[in-house]
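K.L.:
I'll drop the sequence and a predicted model, then ask my questions.
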Amino acid sequence: MDKLKQSFIDLDQARCDEKWQDISELAKKYKKYHPQESVLEITARIESEFIQHLNQARNSGYSADYIHALDDPNHIAISKRLDPAHVQLILVRLLDIIQRQKSSSEETPDDWQAQFSKIILARIYFETARFDKALEWLQQLALRLEDVERGYGLVLLVQARVIKGRCFEQEQDDEGALESYLSALSVVENHPDEKNKALNSWVEDCLYRSVLLQLRRKGAVKQTLRLMRSYLHYCNTKRWPMHWRIHKRWIIFRHYIRYLTRAYQKGVYVPVDKDDLLYTASKPTSVLDETIQLVSQFRSLLHQFTKLNDSATDLNHRTLELCHLLVSAHDTVGWGPKDYSERILKFFYNARVYTFNSPTLCRHMVNLSDKKTCILATKNYLELLGIKNIQLTARDEDGSVLHEMVETIGKKLQLVTHDSSNSASCHLNSVEKRIVDILTSQGSNSNEEQGDAFSSSLKPKSETATVKRKLPPGAYENDNELDVVCTLLIAVKRVYADMPNEEEGLILCDLAVALLEEADGLKKKKMNQWKSLMVQCRRIRGCLYGLCALQCNEPEKRLNCLNESLVSLSKATELDPHSWQAFYELGLHQAISGDRSQAMASIKRSVELNPDFIPGWHLLALLQKHLSQALVILQYVSDKHTIDEQDTLEKAMLFMRIKMCQLSVLEELEGPCTEGYTSLFFLFFKLSKKLNLLPTVVSKSQSISSSTSKSLPSTYSKTSSGFLSENSSNMSLQTIESIESSHEDDQDEKQLENKQGLDKVIEGEQEHQVGSESGISKRSRRSLSFSKTRLDDPLLSNMKKKKEKNGARPRRNTILGLRSSFKNNSDLFKAFPNEMNRASHQDDSVTEGGIEKSYSTLVFQQAEKDDNKERWKQMLVQLWIMASSSYLRNKQYDEAFKAIQEADQLTDGVNADVWHQIGKVLIAQGQRAAALDAFKKSLVIEPEHGLTCISLASVYLDMNEYELAEYLLEKTTRGTGWNQPEAWYLLSKVYMKQENLIDAKQCLMYALQLSETNTIQPLNDFPRFL
């Protein structure tokens, strides 16, 4: 009994493994143990004989796959059909076997095997191009379920449905073909454990043709993506070897990544179904994950082509195409984690071996390079475009050198594109000729049939004209001036944004603008893209020139840079009157240059176009002539914006700056408001909780030297249990009603509404203005209009519902916090830990007993490893410096020193701003020597720290050290402190002491001029669009 089963198993396995040379002996063995059966033995012999004849005629193997190298959805290559006369004897023998089985009940093994013989017969008809006969026999099948559950029976069932689908395709019945292909795939999916060579062959052919058929039919996105994913799934498994049918894989991957990108762009992308049987836990969960998987397989496929010893030209164009496809896809769906981008960059570097100094590939490398490698990649890119040394442009007074560079780049691009496209066309022709040679060498009977082999194999029956092939997109160099400009802008943003004084960054901006100005052809063909890039170039150029002016130490050069900045930004706004970024940058640089009225107009236009950009409102407030107007604007922005878990760190920092500016304006109006910082710190920790940036307890640092330290009360540090005080009942945040602006779909109506809202904010303040500017400065601190309410909490939501539930109550016309909220004027160091303790209990963010000692023992965990936490910590440092300054103005020296000590411990004593504030506190206490040490420490950390130079010069002036003071002040006014009124005023005093009255008068007049346009907060730290 075992031998009976084993003989069948051996024969079945050999057919599954396509070991046709062994079939004869195994069939004889099967007949020996099954003498009563004859159909299976004879069918197996006939099938083996036919397939060996087929393989010999077609020279199957690599050539069988190569004929698909030029496939597309409308033209799929078909192997040369056999001459019916060559297989007529085989066909007659098989028909005889089938016709012997006259039983209608199909009860004997021979009866059931005869059904499988019909599938072999249908294949013979199919391979001899008699598709109607093949379909006729396949319609007569009657298979038992148990016969097709496993082994070669399952293979024959799949084979029958695939052949049926291909016959329908030849008959122009795409619906029937797709239905047959899908039914074949459903069989395979329901039997995932079946793995053999024959099944793999038919499954691959089924998936390949069904994918291209779906693309030709423009079928449903979900079904098309599922077929493509199925193909990729089998490529990921060991069932399909990496070197197997690589030309067909290239075709599928090419269309897969294009289709995936287009589906995502159009918003019709359908993610993988969770219940899909083809995928396990490793299935892609997003379009980015799917793209990464596909690109990984695509790169591995290219590696297989490198092993074939194909021509270098073929590898060159395949590499260029792959790089183009993956960059286009990732530019659309995103680049994913940094380590993945680094792997792609490494792939680009390795791909240079096959691309012969490709400017396109080098451009991709610039786009993915980090700051360190981007400089070298950019220089290499420019060298490939014929620009050897961009520094020559720095001495280009008449623009002739820049014009020569533009001409050189244009000629080089044309030459590279021409050579590469010619190479790709020649390669395409050679591939087409090779395919024709393969097809015509597969055995044909007439010269006419040989000459028409390729065209007939690629086209439906109704088409007879020769196919004219197009070069695949990205398969050759095709960069233009727009691509060069995009690359230059990326280099400027990535490298030179932090180094505006570097001449190279400015030159790259000038070169980008010059390229666009002289690209007349592209301006006509791609007007929208040209205009968008030109606006971006003008804006970035103006921004970079403005940053260069701020850091320039040469007055004449600074003036030129400011002028270039304003001209460039003005042209950007003229090109695109709807670019809120350009108006924002223009307004910012106009404010820096002292043109407050023009800056106000530009910033108003920016916030009209984009009222959600917080820095625009912030800048608008700082530019107000009356501080009361600024206060109303800041409150409006504070009410309008809230922060939640979905918001970014950037928005949280912008919101905190608004709150800090509110407090600064209020202190400018009414004097120091030390108690207002309690709510500000509490807000900071509420945001920290939401952003998962809560501080961690660490040991105190002893960064302030003993020479500058001042003995502090031992009661300064408290445990969390001791944070509660009698003032805790007065420390809750006031709930505010957020202002929500409705936005219409129409852009013009939206801008009009935003403008009306902005005018309402500005004009509504007029009722709060009492008297002249002098009257404002002398306003009573009991004024209700400017009472110090606590900071509003942006985390509170559903304000209206809460107010309706709690009952209507009058809204307090206040901004930051009432003095009456704090009994006996309690200091920040008692109130703030109390608030921190409450926040920890409310939000369950700190475990019981987790807070020990004072806040100075709290710093951020892993701050050096996490850039976000480091930036958030620097925001806290600025809060402590502000608090110290407020205490100092209120002559609370001990509290001022405590606050700055907190900031010092957060920065480990390496922050110039902190040491500058320490020096100011010590000066106020009369400790001049210690203050000098603090100022010097600040300059050691940051030699160009303008505020420290001014403060140190003031001390030297009091000490009658006029030469030292003059040196520091001249250094400051020539450098980053050129727009500091105090620096020019002190310099005038130095000149007066030196009896240089002319220079003293000029400095004093300039100081007065700057004081009129100076803002409460510096403008240098505002965000830029680089």
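P.N.:
Yep, that arrived.

K.L.:
biggest helix in this structure by residues?
P.N.:
helix 400-440 (DSSP state H).

K.L.:
Quick one: mean pLDDT for that one?
P.N.:
Over the span of helix 400-440, the pLDDT mean works out to 92.

K.L.:
Any figure for the gap between the residue nearest to the spatial centre of the chain and Ser286?
P.N.:
Of all residues in the chain, the one closest to the mean position by Cα atoms, centre = their mean is Gly334, 4.6 Å from it. Here the distance between Gly334 and Ser286 works out to 9 Å (Cβ to Cβ, to the nearest Å). The way it works is simple: take the backbone N, C-alpha and C, and place the C-beta from them, glycine included.

K.L.:
Tell me which other helices or strands the longest helix of the chain touches.
P.N.:
Secondary-structure packing of helix 400-440 (3 or more Cβ pairs under 8 Å, 6 or more residues apart in numbering; DSSP states H and E): helix 62-66, helix 312-333, helix 359-368, helix 453-458, helix 481-491, helix 503-517.

K.L.:
let's see 10 Å
P.N.:
Applying 3 or more Cβ pairs under 10 Å, 6 or more residues apart in numbering; DSSP states H and E, we find helix 400-440 packed against helix 62-66, helix 312-333, helix 359-368, helix 371-384, helix 447-451, helix 453-458, helix 481-491, helix 503-517.

K.L.:
by how many degrees do that helix and helix 371-384 diverge?
P.N.:
For helix 400-440 against helix 371-384, the angle by axes from the mean of the first three to the mean of the last three Cα atoms, to 10 degrees is 80 degrees.

K.L.:
Number of residues surrounding Asp647?
P.N.:
Asp647 has 17 neighbouring residues, counting by other Cβ atoms under 10 Å.

K.L.:
In this structure the residue nearest to the centre of the chain contacts Leu288, no?
P.N.:
Yes: using Cβ atoms under 10 Å, Gly334 makes contact with Leu288 at a distance of 5.2 Å.

K.L.:
list residues touching both of the two?
P.N.:
Counting by Cβ atoms under 10 Å, 6 or more residues apart in numbering, the residues touching both Gly334 and Leu288 are Tyr264.

K.L.:
just to revisit the earlier point, winner for burial among the helices and strands packed on helix 400-440?
P.N.:
Of all these, helix 359-368 carries the top mean neighbour count, a mean of 23, counting by mean count of other Cβ atoms under 10 Å.

K.L.:
packing partners for it?
P.N.:
With contacts taken as 3+ Cβ pairs under 10 Å, 6+ apart, helix 359-368 sits against helix 312-333, helix 338-355, helix 371-384, helix 400-440, helix 481-491.

K.L.:
Tell me where the stretch 601-750 of the chain has strands.
P.N.:
Taking DSSP state E, counting those that start in this stretch as the test, the strands found in the stretch 601-750 of the chain are 695-697.

K.L.:
give me the low-pLDDT residue ranges for it?
P.N.:
645-646, 694-750 (pLDDT under 70).

K.L.:
picking up where we left off before, so what angle separates the directions of the longest helix of the chain and helix 338-355?
P.N.:
80 degrees.

K.L.:
pLDDT below threshold where in this structure?
P.N.:
In the chain, residues with pLDDT under 70: 1, 59-62, 102-106, 275-283, 392-397, 442-468, 500-501, 645-646, 694-866.

K.L.:
Contact partners for the residue nearest to the centre of the chain?
P.N.:
Contact partners of Gly334, counting by Cβ under 10 Å, 6+ apart, are 264, 286-288, 291-292.

K.L.:
Give the buried subset of those as a PyMOL selection command.
P.N.:
The PyMOL selection below is limited to those of the contacts of Gly334 classed as buried (16 or more other Cβ atoms under 10 Å):
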select buried, resi 264+287+288+291+292
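
K.L.:
Pull the most distant pair out of the contacts of Gly334.
P.N.:
For these, with distances taken as Cβ to Cβ, the pair at the greatest spread is Tyr264 and Ile292 (13.4 Å).

K.L.:
Could you pull out the residues contacting both of these two?
P.N.:
Among the neighbours of Tyr264, those also in contact with Ile292 (Cβ under 10 Å, 6+ apart) are 286, 329, 333-334.

K.L.:
on that earlier part again, now the helices and strands packed on helix 400-440 as a markdown table including distance to Leu178?
P.N.:
Formatted as a markdown table, these follow (distance: least, Cβ to Cβ, whole Å):
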| stretch | distance to Leu178 |
| --- | --- |
| helix 62-66 | 23 |
| helix 312-333 | 26 |
| helix 359-368 | 37 |
| helix 371-384 | 46 |
| helix 447-451 | 30 |
| helix 453-458 | 20 |
| helix 481-491 | 39 |
| helix 503-517 | 48 |
